[in-house]
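> Have a look at this prediction, sequence included:
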Amino acid sequence: MKRQVPVIITFIVGAVLIVSVFFPPAERLGENFSVFFDIIAVFAFFLGGGNLIRIHGNKIYRRQKDWAFSAVTLTGFIVMLAAGLFKIANPNGITGDVAATGSLFQTLYYNIFYPLGSTMYALLAFYVASASYRAFRAKNKEATILLIAAFIILLGRTPLGVYATGWVPESFSLLQIPNLAIWIMSSPNLAGQRAIMIGIALGVISMSLRLILGVERTYLGVDNE
Amino acid sequence: MNKWGLIISLTIIAAGLLYLFIKSIRGRDVERRFIFLFMGLAVAVPILFNISFSEKATPIVKAAFDKIENLPPGSKILISFDYDPAMAPEVNPMTDAFVRHAMAKGHRVYFMNLWATGQPMVATAIDRIIKTEFPEKKNGVDYVNLGYKAGGTGVLNVIITDIRKMYLTDVNGINLDSLPIMNGIRSLRDMDLLISVGGGLPGVKEWVLFAGDPGHIPVVGGCAAVSAPLLYPYYPNQLMGLLGGIKGAAEYESELKRKYPRFAETPQPGIKMMGPQTMAHLVIMAFIIFGNISYFVLKSRGE
Amino acid sequence: MTMRGANRPFCRFGLSFFIILLLPAYLCGQESIAPPSKVVAYDFKYDRGEAVELSWQLSPDDKGNGSISGYEIYRAEDPLDSFISIGFVSAGTSSYRDKSVYKGQSYRYQVATSSDGHLYFSEISAAVVPRMELINWNLLNLFIIGLFLCGSVIFFISHATRGKKLFIRKIAGLEAIDEAIGRATEMGRPILFVPGINDMDDVQTIAGITLLGRVAKVVADYDIRINMPVSRSLVMTTARETIREAYMGAGRPDAYSDDMVNYITDEQFGYVAAVDGIMVRQKPATCFYLGAFFAESLILAETGNSIGAIQIAGTAQPAQLPFFVAACDYTLIGEELFAASAYLSNEPKQLGSLKGQDMGKLLAMIVIILGVLAATVSQMGGGQFFTDIHQFLSNIFTVQN
């Protein structure tokens, strides 16, 4: 029974969502399922928060290895939660926008959360450089083509590309690096992307059918047999 | 002083790269920390010495600009900030430019978020741009901030037919029915243009698939450079225009400046950030060359 | 907010009377601009009765010389209510879709030429009532394609169940899973499993969790530590259930702990920071990245690379694939992620679904080749026949408005 109920629910919801595309009267039902998911997702926030407190609370209580990191995590979680929930120092009071100018939430957001997030994202610049250094090597024909394409795109995305080939006459404008970069992105790259996307779309259809028909049940923690 | 500082910094970078070049010729790999150090310098120097370049809008950015420009004043434009603070430095210049353009043109703007952490950025954009540069514009009449709702694409699935099923009030708790800007607005289908700025999920692609396509509403996008190739297939049929990364933002800013001289003195973070991006690209190219040199040296030695 | 019922007391003859009778008188003496003619309103087909399509013949003065700024669209509810403006379109446009109507309510329309701040009204259109249709015939092509794809998947599933042998090519990334887990056993280090940053409503996450089921079985058998930080609470619950079942299947339910799967944060880069920290501190021997990834893909994979872990990645985010290919040992590209569970299970039913998927690919390839050929020949002046074929194929794969 424990195994059958989720499969039946999956089948009904999946079938209704497919049908609702083709039958306008069923559209509302499809929307309602989306709303149900939203409601569940909102309640799941509590589940995640509870788990965070339990795991890190345990770590601090038992003074496990790296418990100090857990203390930072919990402090951040509680302070930010309180600032948002009780709208501390919010000029518009409890009914105002959570991120109103002057509120504690906004102060924490712009002075801690914002720079920390940007810093993590900025790491990409460094990792792109180190990964390019390792990956773009002319080991064979295909890798060499990839290397040349990478060079053109890198140059084409900067004003330097414009200066470097600005002298090429308009009749050969495709040979100007920015135009060449656009051509690579919009022709060979686009063709490859579309092929991958067609494959992915078919993969999604096949996977979804396996789930709807109950052929695939590993995600429920049970064997398919 | 600035000039000499710049010359000294560029000389240091060039000398360092030359040293690594010699190491590569000897068949030695460049250590990861050196790559990181040079990337840091390549980004920092142009910021410190304010190096920037002029930009010209490419067709895909021009199409986005023209779409907003050609809508009659008073058109209804929804702008969704679908990103978090992490991505903000790259995509904030786009939302700034879109908001400035829409306001200057006299459109009505509806703000919302599909990312919880994006909501404060709308409030800031309103304070920083609308309230200071367009003080005559009124909340609830010329613009409204609907705020964030959880559910990602689920939210789009619902508001495509009924906005009030998700949003009963704006972020300040004011009933939508009491706001003049919401008169005659029942669903996303009543919008003249949807603009999504963001690089993750839900983002531009979801706005195309779950709102633009089923509702036959034009969509314009802005995204992080890394996501741009994924969105090219949707242009020009499903996506009217696209701003990809800082370069896209810089091109839009230059177009805005050209068309509206009043913006000549306003901050142009996109154009400003093209300096660091150019230098970073050059350094990456240098490292790719070094990697290949050491690879071929080692190969010729049979290692 | 609906305009339904607005100004009822003054309705019926109110504004419409003014517009029809008084306005032309007011306009006498001014340079006359012709209004649009033949205003036709009809129900937009195959929806829930929420749109009306409007078309008209352009004003003869609409010559693109700027004398006309556009057309103002007016609507009144039947029985004749006051006309209110519902939209404006630029000069040269002769259609409008009113998407703010209610099913079953009758409407009439009027279109006015706008010039120099003056309006020149057309005749009032015949009444139209938007209705809901039972079937969206506009999507017939999509239905047939969907039927073909789903039908072929279901056919091959049942075909495989009857014991037919199916060929499936080797996928290196999946072949390497056992080797990667074996390495963790030898080194006595944990395995890190990252299921992407999306929720359970993303099929990529489900594909990642199905692979977790396979990995967890081996992990339970060999008593290896597995660490699974997640960014969604629903994923946490599902993953715990999956791993618990695997441990029960291995006959070692006591060895399972809820702490194997822990929720970090929904915030993308907060999550990445935490996972990077776990990697650097625990130095896992093997890292799996299977699910939906975005900008964090390279940060995770490069950190994994720096600690010398063997890395297997899989995602259907095309923009992130190059990063995984550059930094990981094996990458499952797009559809391979969805095929992985079927591939590893070696079950006929699941393998059959992959074969059905291939039929879809075959269809796509045939149509693309035919379309390209027809378009090329038609461009080279090959005649109407090829243009028609090209148009036909385009229409098949176009979702109608």
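The structure has been received and is ready for your questions. Residues are numbered from 1 along each chain as shown, chains lettered A, B, ... in the order given.

> Could I get the contacting residues of the nearest residue to residue B:134 once chain neighbours are set aside?
Among residues not flanking residue B:134 along the chain, residue B:103 sits closest, at 4.7 Å (CB to CB, 6 or more residues apart in numbering or on different chains). C-beta coordinates here come from the backbone N, C-alpha and C atoms, glycine included. Going by CB atoms under 8 Å, 6 or more residues apart in numbering or on different chains, residue B:103 touches B:109, B:129, B:130, B:133, B:134, B:137, B:142, B:143.

> Give the buried subset of the residues you listed as a ChimeraX selection command.
Entered in ChimeraX, the line below selects the buried ones among those, by 16 or more other CB atoms under 10 Å in any protein chain shown:
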select /B:109,129,130,134,137,142,143
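
> thinking again about what came up before, next SSE downstream of the host helix or strand of the residue nearest to residue B:134?
Using DSSP states H and E, residue B:103 sits within helix B:88-105. Downstream of helix B:88-105, the first helix or strand assigned by DSSP H and E is strand B:108-113.

> Just checking: what are the partner strands of that following strand?
Sheet pairing here is set by DSSP bridges, and for strand B:108-113 it gives strand B:76-81 (parallel), strand B:143-148 (parallel).

> Give me whichever of those strands is most buried.
A comparison of the strands paired with strand B:108-113 by mean neighbour count, using mean count of other CB atoms under 10 Å in any protein chain shown, puts strand B:76-81 on top with a mean of 26.

> Serialize the contacts of residue B:103 to JSON lines and add fields for pLDDT and secondary structure.
Output for the contacts of residue B:103, formatted as JSON lines (pLDDT from 0 to 100; DSSP: H, G, I helix; E, B strand; the rest coil):
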{"residue": "B:109", "pLDDT": "96", "secondary structure": "strand"}
{"residue": "B:129", "pLDDT": "94", "secondary structure": "helix"}
{"residue": "B:130", "pLDDT": "95", "secondary structure": "helix"}
{"residue": "B:133", "pLDDT": "93", "secondary structure": "helix"}
{"residue": "B:134", "pLDDT": "94", "secondary structure": "coil"}
{"residue": "B:137", "pLDDT": "95", "secondary structure": "coil"}
{"residue": "B:142", "pLDDT": "95", "secondary structure": "coil"}
{"residue": "B:143", "pLDDT": "96", "secondary structure": "strand"}
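
> Give me the angle between the helix holding residue B:103 and strand B:76-81.
Angle of helix B:88-105 versus strand B:76-81, following axes from the mean of the first three to the mean of the last three CA atoms, to 10 degrees, is 170 degrees.

> follow-up on the earlier one: of the strands paired with strand B:108-113, give the one that comes closest to residue C:390.
Proximity to residue C:390 (CB to CB) singles out strand B:76-81 among those, at 35.7 Å.

> Can you give the contact residues for that closest one?
Outside strand B:76-81, the residues that touch it by CB under 8 Å, 6+ apart are B:68, B:71, B:95, B:98-99, B:102, B:107-115, B:118-119, B:121-122, B:125, B:185, B:188, B:190-198, B:207.

> how about the residues of chain C near chain B?
When proximity is defined by CB under 8 Å from any CB of the partner chain, chain C lies next to chain B at C:1-3, C:48, C:50-51, C:70, C:86, C:88, C:90, C:97, C:99-100, C:198-199, C:201-202, C:266-269, C:292, C:294-295, C:306, C:317-320, C:399, C:401.

> So which of those would count as near chain A as well?
The overlap between the residues of chain C next to chain B and the neighbours of chain A (CB under 8 Å from any CB) comes to C:48, C:199, C:201, C:266, C:267, C:269, C:295, C:318.

> Give me the pLDDT value at the closest residue to the fourth one other than its chain neighbours.
Okay, so that is residue C:266. In space, and not counting its chain neighbours, residue C:266 is closest to residue C:231: 5.7 Å by CB to CB, 6+ apart. Model confidence at residue C:231, given as pLDDT, is 93.

> what sits against residue C:231?
Counted by CB under 8 Å, 6+ apart, residue C:231 has contacts C:197, C:263, C:264, C:265, C:266, C:267, C:268, C:271.

> From those residues, list just the buried residues.
Buried members of the contacts of residue C:231, counted by 16+ other CB under 10 Å: C:197, C:263, C:264, C:265, C:266, C:267, C:268, C:271.

> which helices and strands sit right next to the helix or strand hosting residue C:300?
Using DSSP H and E, residue C:300 falls within helix C:296-306. On a contact count with 3 or more CB pairs under 8 Å, 6 or more residues apart in numbering or on different chains; DSSP states H and E, helix C:296-306 meets helix A:114-135, helix C:268-282, strand C:286-292, strand C:310-315, helix C:321-327.

> Between helix C:268-282 and it, find me the angle.
Using the same axes, to 10 degrees: helix C:296-306 against helix C:268-282 is 10 degrees.

> how far is helix C:296-306 from where the chain is centred?
Helix C:296-306 sits 28 Å away from the centroid of its parent chain (CA atoms, centre = their mean, to the nearest Å).

> now do stretch C:391-401
That offset, for stretch C:391-401, works out to 18 Å (CA atoms, centre = their mean).

> I'd like the average pLDDT over that stretch.
pLDDT averaged over stretch C:391-401 gives 79.

> buried set for it?
Applying 16+ other CB under 10 Å to stretch C:391-401 flags residue C:393 as buried.

> quick one: contacts of that stretch?
Against stretch C:391-401 from outside (CB under 8 Å, 6+ apart): B:213, B:216, C:138, C:139, C:141, C:142, C:145, C:367, C:370, C:371, C:374.

> Show me which of those are buried.
With neighbours counted by 16+ other CB under 10 Å, these contain buried members at B:213, C:139, C:142, C:145, C:371, C:374.

> among those residues, which two are most distant?
B:213 and C:374 (25.3 Å).

> how about the closest residue to residue B:247 other than its chain neighbours, what does it touch?
Counting by CB to CB, 6+ apart, residue B:247 lies nearest to residue A:157, which is 5.5 Å off, once chain neighbours are set aside. Neighbouring residues of residue A:157 by CB under 8 Å, 6+ apart: A:181, B:225, B:245, B:247, B:277, B:281.

> ok, the closest residue in space to the third one that isn't next to it in sequence to residue B:244 distance?
Residue nearest to residue B:245 in three dimensions, not counting chain neighbours: residue B:225, with 2.7 Å by CB to CB, 6+ apart. From residue B:225 across to residue B:244, the span is 6 Å (CB to CB, to the nearest Å).

> remind me, longest helix of chain A?
In chain A, with assignment by DSSP state H, the single longest helix is helix A:27-61.

> looking only at pLDDT, what's the mean for that helix?
Per-residue scores along helix A:27-61 average to 85.

> for the helix holding residue C:300, what is the average pLDDT?
94.

> Give me the contacts around it.
Applying CB under 8 Å, 6+ apart, the external contacts of helix C:296-306 come out as A:120, A:123-124, A:127-128, A:130-131, B:32, C:192, C:194, C:197, C:268-269, C:271-272, C:275-276, C:279-280, C:287, C:289, C:293, C:311, C:313, C:315, C:317, C:320, C:323-324, C:326-328.

> picking that back up, format the buried ones among the contacts of stretch C:391-401 as a markdown table; extra columns: distance to residue B:171 and pLDDT.
Below are the buried ones among the contacts of stretch C:391-401 laid out as a markdown table (distance: CB to CB, whole Å; pLDDT from 0 to 100):
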| residue | distance to residue B:171 | pLDDT |
| --- | --- | --- |
| B:213 | 28 | 83 |
| C:139 | 37 | 87 |
| C:142 | 38 | 88 |
| C:145 | 42 | 91 |
| C:371 | 48 | 93 |
| C:374 | 53 | 94 |
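
> filter the residues you listed by proximity to chain A?
Okay, of these touching chain A (CB under 8 Å from any CB), that's C:139, C:142.

> Return the subset of the buried ones among the contacts of stretch C:391-401 lying in helices.
B:213, C:142, C:145, C:371, C:374.
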